[in-house]
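Dropping the sequence and predicted coords here.
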Amino acid sequence: MPIVKYTCAIAPKGAPATEYAFDIPVTEQEMQLARDAKNPEHGKTMNAITTRGQKLVLEKRPTQKCWMCCQRAATRILTSPQWSFYDDGETKLFDAFAHPLCSRAACHANARRDIDTAREYIESIQPGTFNKRLDSCANCEQVDKARKLKCCGGCKIVFYCSRECQVEDWKARHKHDCKQMRENN
């Protein structure tokens, strides 16, 4: 079974980053999609692999607190961008600006602003650094420069460009997370 080398760097405020690395088993189809950035399913596949890696990071750090409120346990990791690249025949995925978060909407919004600010600063001094933005649909990753994305009515954390994307993501992933996010909010 093919694997993707997943790395996530978490740097507590004022401390050096700790990198967590895992080999994520993937199917042959996922590997093909992961290596084909022009395929419309590439972004969704990379998000699915990233989600599996982030769950492993949180299992390694069961006492991880939310970076924004520092009170609740982290239940997810917000990152952007995700870099995927190929080296020595291996597919690698790197999560940058990792923010462990609880499921409160306010923590998510504040972290999103922090990451946007960091991304914009780096992009201003080195254009073309990032190829993935936070102002994109959680399902299809379509960028909405005007930030007219609609948030999930349940958790108020996940954003979509259309009703169709929301329904597709609900069936594939979000229905398993939404209730927990809403209850922890």
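Structure received. Numbers count the residues shown, from 1 in each chain.

need the contact list for the closest residue to Asn39 other than its chain neighbours.
Spatially, and ignoring its direct neighbours in sequence, Asn39 is nearest to Leu33 (5.6 Å; Cβ to Cβ, 6 or more residues apart in numbering). (C-beta placed from N, C-alpha, C; glycine too.) For Leu33, the contacting residues are Asn39, Glu41, His42, Thr45, by Cβ atoms under 8 Å, 6 or more residues apart in numbering.

What helix or strand is Leu33 located in?
helix 28-34 (DSSP states H and E).

Could you export the longest helix anywhere in the chain as CSV, CA atoms only?
Counting by DSSP state H, the longest helix found in the chain is helix 105-125. Below are the C-alpha coordinates for helix 105-125, written out as CSV (Å, rounded to 0.1, in the frame of the first residue of the first chain):
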residue,chain,number,x,y,z
ALA,A,105,-16.4,29.4,16.5
ALA,A,106,-14.6,32.4,18.1
CYS,A,107,-11.4,30.4,18.5
HIS,A,108,-11.6,29.3,14.9
ALA,A,109,-12.2,32.8,13.6
ASN,A,110,-9.3,34.3,15.6
ALA,A,111,-6.9,31.5,14.4
ARG,A,112,-8.1,32.0,10.8
ARG,A,113,-7.2,35.7,11.1
ASP,A,114,-3.8,34.9,12.6
ILE,A,115,-3.0,32.5,9.8
ASP,A,116,-4.3,35.0,7.2
THR,A,117,-2.0,37.7,8.6
ALA,A,118,1.0,35.5,8.6
ARG,A,119,0.3,34.2,5.1
GLU,A,120,-0.2,37.7,3.7
TYR,A,121,3.0,39.0,5.3
ILE,A,122,5.1,36.1,3.9
GLU,A,123,3.4,36.5,0.5
SER,A,124,4.2,40.2,0.6
ILE,A,125,8.0,39.6,1.0
